[in-house]
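K.L.:
With the sequence up front, the predicted model follows.
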Amino acid sequence: MTGSLRGLKVLDFSTLLPGPMATLFLAEAGAEVIKIERSETGEDMRY
């Protein structure tokens with residue numbers, strides 16, 4: 001993993017499009033992103 005945010009961990013609790021887009025940009029800059037989803041339904045945008 002390379003980038004200016006290397007070593008940074010981000011927890012993503014978002015469900016609407018702007019949140020996942022923001023964490024995508026953070027991941028592309030080198031952050032480690034951990035996506036947290038609801039156990040019953042998962043990610044809303046999948047359906």
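P.N.:
Arrived safely. Numbers count the residues shown, from 1 in each chain.
K.L.:
Just name the shakiest helix or strand of this protein by mean pLDDT.
P.N.:
Lowest by mean pLDDT, DSSP states H and E among the helices and strands of the chain is helix 18-28, with a mean of 92.
K.L.:
Now that helix: buried residues?
P.N.:
20, 23, 26, 27 (16 or more other CB atoms under 10 Å). Heads up, the C-betas are built off the backbone N, CA and C, glycines and all.
K.L.:
Let's have those in a markdown table, adding distance to residue 9.
P.N.:
Shown next, in a markdown table, are the buried residues of helix 18-28 (distance: CB to CB, whole Å):
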| residue | distance to residue 9 |
| --- | --- |
| 20 | 16 |
| 23 | 11 |
| 26 | 10 |
| 27 | 11 |
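K.L.:
closest to residue 41 among those residues?
P.N.:
Among those, residue 20 lies closest to residue 41 (CB to CB), at 15.5 Å.
K.L.:
I figured that closest one hits residue 14, correct?
P.N.:
Yes: using CB atoms under 8 Å, residue 20 makes contact with residue 14 at a distance of 5.8 Å.
K.L.:
Look up how far residue 30 lies from residue 13.
P.N.:
Distance check for residue 13 against residue 30: by CB to CB, to the nearest Å, it reads 21 Å.
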